[in-house]
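Enquirer: make a model of this:
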Amino acid sequence: MSHFQRHLFICTNERNDPCRQSCGDNQAGATAVDYLKGHAHAAGLIGAGKLRISKSGCLGRCEQGPAMVIYPEGRWYTYVDEADLADILQHDLIEGQAVTRLLIDPIDAAENE
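Expert: Sure, this is the predicted structure:
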């Protein structure tokens, strides 16, 4: 058994290149990490045998908006605002159900690599 049941990686990469989009643009990734860690901790989701939330470097999905991935499910998400993060927290991290409107389609994502 692994130390954590689930692991959420949130891209916080900043390219500092106006010609290329990055998940860290406008602090989007850092804001998502702070929001999700804080709320997941308050909900008792964080810890051994539970959930781990980590900052990540580039996940290779920047063209589809800020990216995050949850393992072991391998569910890839994008998000725009705090309401999207709240939906991911409630529906996926708490209830274990995908938030289909925010999923990055694996086929489309692979074509953009």
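Enquirer: C-alpha only now, for contacts and for neighbours.
Expert: Fine.
Enquirer: for the residue nearest to Leu59 when sequence neighbours are not counted, report the pLDDT, please.
Expert: What sits nearest to Leu59 in space, not counting adjacent residues and going by C-alpha to C-alpha, 6 or more residues apart in numbering, is Cys11, at 6.2 Å. At Cys11, the model reports a pLDDT of 94.
Enquirer: for this structure, what helix or strand is lowest in average pLDDT?
Expert: None of the helices or strands of the chain scores lower by mean pLDDT, DSSP states H and E than helix 106-111, at a mean of 50.
Enquirer: let's check: the centremost residue of this structure is which one?
Expert: With distances taken as C-alpha atoms, centre = their mean, Met68 lies nearest the centre of the chain, 2.5 Å away.
Enquirer: tell me which element that one falls in.
Expert: strand 67-71 (DSSP states H and E).
Enquirer: packing partners of that strand?
Expert: In terms of contacts (3 or more C-alpha pairs under 8 Å, 6 or more residues apart in numbering; DSSP states H and E), strand 67-71 is packed against strand 6-11, strand 75-78.
Enquirer: need the contact partners of the helix or strand hosting Gly29.
Expert: In the assignment (DSSP H and E), Gly29 maps to helix 28-42. Helix 28-42 is contacted from outside by 10-13, 23-24, 46, 53-55, 66, 82, 85-86, 89, using C-alpha atoms under 8 Å, 6 or more residues apart in numbering.
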